[in-house]
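**Student:** coordinates only, sequence not included:
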């Protein structure tokens, strides 16, 4: 599939600055790092959660634990997704009960991924609070879900695709808006 | 990208290496679900799995049942003694009646080879072969391969001994197909009366090899994996060896025989174990015996099988 580049939204430095701000907001609202647990949603939420934890460690001197969720088994569209993703493991350190959890994902769009992540998370226990941090909120929600920490709000059309590229998985590090050719 | 588009899982022989690896990789993800405090994911909610067993089974039936339940499918067990088969209904009529209740998967075990294949041709539900006579038992071979891969990190290049009643063993057949496809060197041994003629010819493709050994010791020597088979009295219509005692002395896996294998060799057995017959108690309880790991992994592998079959049907349909 060919994509036409429409605009660059963030470069590598921009992503780094945005994550620093999000990290600061997270520790501000949680008054520190005790009970804090960052959980990245596969795939690109995982490196973002790790980077947020690294930044929080620099700010607070203590690194919050991190985990990862693979929501494939909780999806509501398994029959319609095209090429089938390999299911990865969900790894959550320790017990989630009474923890303050921040779910981390790259792009918030319809909200269905977050719905699935919440369903999966509560199967592990009863967190005291769950918040959501995303690098990009591009609108077009199909469920009543909002993020607590947003890197950048984007006005997009349904035809557009927001691509978050991270060096962990991609050749480049940037956020771009593309459209199918 | 997973590559599994089959309607049924009937045997290992027709599977590609890629399909086998897809099942094993998917099982790896499912193993974590069984370690959760809530051992359930909603993936197959509203789907129905019928376990239709014409032969005795505890392990396999329970394993498929737990696998289905951990994926939130509704599982129903029917065994031959409680089914209308005992009232004279033919298999085909029973199958059509089951199908009329719209199950999504039928897991079947039968003493005659080919029954699952016939069923699969007749009905729209996915069919999983849970053992057909002495032919195939694909989910057992897959969980064996998973267990070997988990402990040894690979299958290709390993020396794997399969010892015992080869003639009556569907586990041996499925394992020989699977392990040689994945590049293992398999050696089988057992009483001459329980080794089918020209057995080495069942391997058609793959990187691995199959050798039929004259002596048990030859098969075990320097092996990385020693897989013991149960003596299947129920399938034996004649006397294949003088006595169980003699079988145990000549072919049983004792600590002395096991010492011939490589230092890190592991012992496997599909169960149920006849302690003191094909395998001695001290080997069963040895630290290098993975017999219970096989059972644990069986649930994850069967979850993967049910999931992949349902996914290739399209979970949203019907």
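**Tutor:** Thanks, I have it. As the structure is a computational prediction, the values presented were derived from the model and not from experiment.
**Student:** Output the contacting helices and strands for the host helix or strand of residue A:105.
**Tutor:** The secondary structure element spanning residue A:105 is strand A:100-108 (assigned by DSSP states H and E). Judged by 3 or more C-beta pairs under 8 Å, 6 or more residues apart in numbering or on different chains; DSSP states H and E, strand A:100-108 is in contact with strand A:36-41, helix A:45-60, helix A:112-122, strand A:129-137, strand A:160-165. Yep, even glycine has a C-beta here, placed from its N, CA and C like the rest.
**Student:** Contacts for the fourth one, please.
**Tutor:** Surrounding strand A:129-137, the residues in contact under the criterion C-beta atoms under 8 Å, 6 or more residues apart in numbering or on different chains are A:9-10, A:15, A:18-19, A:22, A:26, A:29, A:48, A:52, A:100-108, A:114, A:118, A:121, A:145-154, A:162, A:164, A:175.
**Student:** Parallel or antiparallel, which strands does the very next helix or strand once past that strand pair with?
**Tutor:** The first helix or strand that comes after strand A:129-137 along the chain, using DSSP H and E, is strand A:149-153. Strand pairing for strand A:149-153, determined by DSSP bridges: strand A:129-137 (parallel).
**Student:** Tell me what angle the strand it pairs with forms with helix A:45-60.
**Tutor:** In this structure, strand A:129-137 runs at an angle of 110 degrees to helix A:45-60, with axes from the mean of the first three to the mean of the last three C-alpha atoms, to 10 degrees as the basis.
**Student:** What average pLDDT does strand A:129-137 get?
**Tutor:** Across strand A:129-137, pLDDT averages out at 97.
**Student:** Just name the most buried of the helices and strands packed on strand A:100-108.
**Tutor:** Using mean count of other C-beta atoms under 10 Å in any protein chain shown, the stretch among the helices and strands packed on strand A:100-108 with the greatest mean number of neighbours is strand A:36-41 (a mean of 26).
**Student:** State which helix of the chain is the longest.
**Tutor:** By default, I'm working from chain A. Ranked by residue count, the top helix of chain A under DSSP state H comes out as helix A:12-29.
**Student:** Chain B was what I was after
**Tutor:** In chain B, taking DSSP H as the definition, the longest helix is helix B:291-313.
**Student:** For that helix, list every residue counted as buried.
**Tutor:** Within helix B:291-313, the residues that count as buried by 16 or more other C-beta atoms under 10 Å in any protein chain shown are B:291, B:293-313.
**Student:** Describe which strands the strand holding residue A:105 pairs with in its sheet and in which direction.
**Tutor:** Checking strand A:100-108 against DSSP bridges gives partners strand A:36-41 (parallel), strand A:129-137 (parallel).
**Student:** Can you tell me what sits against the shortest one?
**Tutor:** Strand A:36-41 is contacted by residues A:26-27, A:30, A:46-50, A:52-53, A:56, A:64-69, A:71, A:92-94, A:96, A:99-105, A:113-114, A:117, A:121, A:127 when judged by C-beta under 8 Å, 6+ apart.
**Student:** so what's the residue positioned nearest the centre of chain A scoring on pLDDT?
**Tutor:** Taking C-alpha atoms, centre = their mean, the centroid of chain A lies closest to residue A:105, which sits 0.8 Å from it. According to the prediction, residue A:105 has pLDDT 97.
**Student:** just the one 4 residues further on next, same as before
**Tutor:** Residue A:109 is assigned a pLDDT of 95 by the prediction.
**Student:** That one contacts residue A:143, doesn't it?
**Tutor:** No: under the criterion of C-beta atoms under 8 Å, residue A:109 lies out of contact with residue A:143, with a separation of 10.6 Å.
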